[in-house]
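**Student:** how does the following fold in three dimensions:
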Amino acid sequence: MPHTVQEIALPSDRTGTRRALTVHRFGTPGARPKAYVQGGLHADEIPGMIVASRLIGMLETANVTGEIVVVPLCNPIGLAQSVSSSAIGRYALPSGENFNRGFAALADGAAERLQGRIGHDPQANVVAVRAALAAAHAARTPVSELAALRHALLGLALDADIVLDLHCDMEAVVHVYTGDALWPDAADLAAEIGARAVLLASDSGGDPFDEACSAPWWRLAERFSGDGPIPPACLAATVELRGKADVSDALARADAEALIRFLARRGVVQAPVADPPAPLCEATPLAALERITAPVPGIILFHAQPGAQLRTGDPVADIADPTDPASRRSLHAGTDGLLMARSNLRFAGVGDLIASIAGTVPQAESDRGLLFD
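**Tutor:** Numbers count the residues shown, from 1 in each chain. Next up is the predicted model:
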């Protein structure tokens, strides 16, 4: 199938520097369904980059019946950030902003353009909403390199039927973040990639990339509920591909093959379609995710591995003060659930994230938000 490569230059914040996005396109522009896949938005998270790269290789010989856009390294700004040989890819050094926050919330701008245009035909409404979102996006003018990066990525994905943002956690099992309105439609994606946890929210806070693509659909559906139906026409998900050190040819190949099977089932790629594997988990509310943080500084000594099923009160880790051999602060699960992820560091400061447990009972609200930044 046709494979084209486009380079999108980003404006420079510093004289003498230049960065660009490399965009791989497959299939026919404008064909449906359209899928968009990106890796490395948090630029110190490598698994998604190599999976996206492997996917590109597989798509070169695939029969793409829709349109597929892949950006395997979607954050060249973050990838260039290094302090004393340590990659700083989650936050922009000049501003401290999380690269996966602050994407444009386009529902209001689209709503202004949709007055009087929503009717009883859901498919006609989908076409109208896509045009309104595109117009609202085009009306925005980014004023910095980071803003231009966010603007470019959202512009590439905004009209897609499927959006997959490939990330990883610190040390973790495969898990997925997606919208309440997209479940259980996204269940085959979770099953295909072997997700051990699926976390649902309608507004996780901070405007991450996947919600910038999908949330306008349910927000507009609510706003125009009296005019006609607006289906959730963009299945967007953040896919967490294990931990930062889980980088290998074998894992990347298996993950890319899983994505090909998912895309074939959705009609983007023509290939033999089988039923998805049995799911490994039920979806749970993002609000039920327990974040265990360090109450004191010290060395982290874990008792539980990612993937462990915990009961309330089970030991998760101890925090030891190396200056006082007798000191230990024990941390326990505050909910029943799956130990989805834990820190890849072994020394914590006060307030540092130690572990995340995917439970079923909503937790007390945190001033750090559902995504914990």
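**Student:** and the chain, what are its domains?
**Tutor:** Using automatic domain parsing, the domain ranges for the chain come out as 3-281, 285-359.
**Student:** centre of the chain to the shortest one, how far?
**Tutor:** The gap between the average C-alpha position of domain 285-359 and the chain average comes to 23 Å, counting by C-alpha atoms, centre = their mean, to the nearest Å.
**Student:** how long is that domain end to end?
**Tutor:** 8 Å (C-alpha to C-alpha, to the nearest Å).
**Student:** isn't residue 334 up against residue 289?
**Tutor:** No. Contact criterion C-beta atoms under 8 Å: residue 334 and residue 289 do not qualify, at 11.3 Å. No exception for glycine: its C-beta is placed from N, CA and C like everyone else's.
**Student:** ok, and which of the domains of the chain has the densest surroundings?
**Tutor:** domain 3-281 (a mean of 19; mean count of other C-beta atoms under 10 Å).
**Student:** poorly predicted segments of the stretch 1-150 of the chain, please.
**Tutor:** Within the stretch 1-150 of the chain, the stretches with pLDDT under 70 are 1.
**Student:** what are the ranges of the helices in the stretch 151-300 of the chain?
**Tutor:** Secondary structure of the stretch 151-300 of the chain by DSSP state H, counting those that start in this stretch: the helices cover 187-192, 209-223, 249-265.
**Student:** compute the distance between residue 239 and residue 59, please.
**Tutor:** Separation of residue 239 from residue 59 (C-beta to C-beta, to the nearest Å): 17 Å.
**Student:** please identify the helix or strand for residue 17.
**Tutor:** Secondary structure assignment for residue 17, by DSSP states H and E: no helix or strand.
**Student:** so what does it look like in phi/psi?
**Tutor:** Taking degrees, to the nearest 10, you get phi -120, psi 150 for the backbone angles of residue 17.
**Student:** residue 165: what's it in contact with?
**Tutor:** By C-beta atoms under 8 Å, 6 or more residues apart in numbering, residue 165 lies in contact with 38, 41, 48, 100, 208-210, 236-239.
**Student:** list the contacts for residue 132?
**Tutor:** Neighbour list for residue 132: 109-111, 113-114, 117 [criterion: C-beta under 8 Å, 6+ apart].
**Student:** the residue of the chain most remote from its centre and residue 296, how far apart?
**Tutor:** Distance from the C-alpha centroid of the chain peaks at residue 326, with 41.6 Å (C-alpha atoms, centre = their mean). As judged by C-beta to C-beta, residue 326 and residue 296 stand 14 Å apart.
**Student:** likewise for residue 20?
**Tutor:** Counting by C-beta to C-beta, the separation of residue 20 from residue 296 is 45 Å.
**Student:** just want the most central residue of this structure.
**Tutor:** residue 238 (2.2 Å).
**Student:** ok, and the closest non-adjacent residue to that residue?
**Tutor:** Computed as C-beta to C-beta, 6 or more residues apart in numbering, the closest residue to residue 238 that is not its neighbour in sequence is residue 177, at 4.2 Å.
**Student:** next one: residue 212
**Tutor:** Closest to residue 212 by C-beta to C-beta, 6+ apart is residue 103, at 3.5 Å.
**Student:** contact partners for the one you found?
**Tutor:** Residue 103 is in contact with 150, 153-154, 207-209, 211-212, counting by C-beta under 8 Å, 6+ apart.
**Student:** and if we set it to 10 Å?
**Tutor:** Residues near residue 103 by C-beta atoms under 10 Å, 6 or more residues apart in numbering: 41, 150-151, 153-154, 157, 206-213, 215.
**Student:** between those, which sits nearest residue 11?
**Tutor:** Comparing the contacts of residue 103 against residue 11 with C-beta to C-beta places residue 151 closest, at 10.3 Å.
**Student:** thought the closest one was touching residue 137?
**Tutor:** Yes. Look at residue 151 against residue 137 with C-beta atoms under 10 Å: they come within range, at 7.5 Å.
**Student:** quickly list what's touching both of these two.
**Tutor:** Common contacts of residue 151 and residue 137 (C-beta under 10 Å, 6+ apart): residue 104.
**Student:** phi and psi next, for residue 203.
**Tutor:** According to degrees, to the nearest 10, residue 203 has phi -150, psi 100.
**Student:** any idea how far it is from residue 140?
**Tutor:** 21 Å.
**Student:** before we move on, the earlier item: dump the domains of the chain to TSV, plus distance to residue 365.
**Tutor:** Formatted as TSV, these follow (distance: least, C-beta to C-beta, whole Å):
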stretch	distance to residue 365
domain 3-281	10
domain 285-359	8
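**Student:** and of these, who's closest to residue 372?
**Tutor:** Across the domains of the chain, closest to residue 372 is domain 285-359 (C-beta to C-beta), at 5.5 Å.
**Student:** now the closest one: average pLDDT?
**Tutor:** Domain 285-359 shows a mean pLDDT of 97.
**Student:** element containing residue 45?
**Tutor:** Going by DSSP H and E, residue 45 is not in any helix or strand.
**Student:** distance to residue 351 and mean pLDDT added to the helices of the stretch 151-300 of the chain, as JSON lines?
**Tutor:** Converted to JSON lines, these look like this (distance: least, C-beta to C-beta, whole Å; pLDDT from 0 to 100):
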{"stretch": "helix 187-192", "distance to residue 351": "31", "mean pLDDT": "98"}
{"stretch": "helix 209-223", "distance to residue 351": "25", "mean pLDDT": "98"}
{"stretch": "helix 249-265", "distance to residue 351": "32", "mean pLDDT": "98"}
